Each structure stands twice: as structure tokens, then as C-alpha cells.
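Q: Here is my input, please return the structure:
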Amino acid sequence: MEPLQYATWATTQGGLLVPRSEKFPIQMSKSDATAYPLLLYEQNKFGAEIIRFGAEERVARHTHKGDHILLVTKGEGVLGYGTSEHPISAGMAYLVPGSVPHSIDATTELALIAIGNDHRPADSSRRLDLVE
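A: Okay, here's the model as predicted:
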């Protein structure tokens, strides 16, 4: 049996949930964002991490092998998806197939949890392929 993995992605203050959103130690490859790894099931390449963008930071249009769910935990921005744009803000969740070109532009400090398959480390040059 695999050992149970767990990670803390938020704390509570005054009974309210406060997600982590500080600048994280890992600089994401090909992006302004920083990341903090949460969980990784290496056998199936299934993982989760927190990704943080400062205000006006971004990741350009890109694709990647795996698909992911993005849970926005703080801030506001715009998710480019295919040829359309969608506002994103805390409390929202998105399903993003990796084969669809997508981007994120932070309007304010923005934090999200990315959960996905065929997961690659945030600082890996193989994590994403930029699309022109």
C-alpha cells in the first residue's frame, strides 16, 4: 500500500480559510509564476501544486501533455482558452484540457491550485510548450 500523502494549502484565521499565496520557491518554466508542490503520485504522474502570479504577471498561450483542473484560491485575472477569454476569480474552478491552447493573465495577485494528470514539475522545461 502506498503511504498517505498530505499537504497544507491553507490555514484558518478567525474561522476563515486563508489559502497560501506568498511567492513560492520554485520559478515556473516559461512563466512569471512561482509554484509550491503539494502532492505527486509518481506512478501515475498525477499531481497538485499551488501556482502564484503577482499582479500583471502571466503565462503565455501554451499546451501540455496532461489535463488539469484549476481552483482559483485568491485574486482575479483572465484565462485565455482557445480563441476566447474568461474572467477568473477566487472561488472558481476550471477544467482545462492540455491540448487546448490556454494562458493566464493576473489582474491582481492570483493564486490557484492546479491538479492534473501527466504532471511535470513546475520548473521542468518539458512542462509546457508555448504556442505562437
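Q: Lowest mean pLDDT among the helices and strands of the chain, which one is it?
A: Per-element confidence for the chain was summarised using mean pLDDT, DSSP states H and E. The lowest value among helices and strands belongs to strand 16-19, with a mean of 91.
Q: List the pairing partners of the helix or strand just after it within its sheet, with orientation.
A: Toward the C-terminal end, the helix or strand that comes next after strand 16-19 (DSSP states H and E) is strand 26-27. According to DSSP bridges, the neighbouring strands of strand 26-27, each with its direction, are strand 34-41 (antiparallel).
Q: Now E2: closest residue in space that isn't a chain neighbour?
A: Y41 (7.5 Å; CB to CB, 6 or more residues apart in numbering). Bear in mind the C-beta positions are built from the backbone N, C-alpha and C, glycine included.
Q: Revised request: answer the last question for L95.
A: Once flanking residues are discounted, L95 sits nearest to I69: 5.5 Å by CB to CB, 6+ apart.
Q: For that neighbour, the count of nearby residues, please.
A: Around I69 there are 15 other residues, counting by other CB atoms under 10 Å.
Q: Ok, E109 next?
A: Neighbour number of E109 under other CB under 10 Å is 18.
Q: ok, now which ones touch it?
A: For E109, the contacting residues are S21, R52, F53, G54, A55, K74, G75, by CB atoms under 8 Å, 6 or more residues apart in numbering.
Q: Report the contact partners of the fourth one.
A: Spelled out, that is G54. Residues counted as contacts of G54 (CB under 8 Å, 6+ apart) are K23, D32, A106, E109.
Q: May I ask which two of these are separated the most?
A: Of all pairs drawn from the contacts of G54, the widest gap by CB to CB lies between K23 and A106 and measures 12.7 Å.
Q: Compare these two (neighbour count), which wins?
A: More neighbours surround A106 than the other of K23 and A106, with 23 against 12 (other CB under 10 Å).
Q: residues of the host helix or strand of A60 that come out buried?
A: Taking DSSP H and E as the criterion, A60 maps to strand 58-63. The neighbour-count check on strand 58-63 (16 or more other CB atoms under 10 Å) flags R58, V59, A60, R61, H62 as buried.
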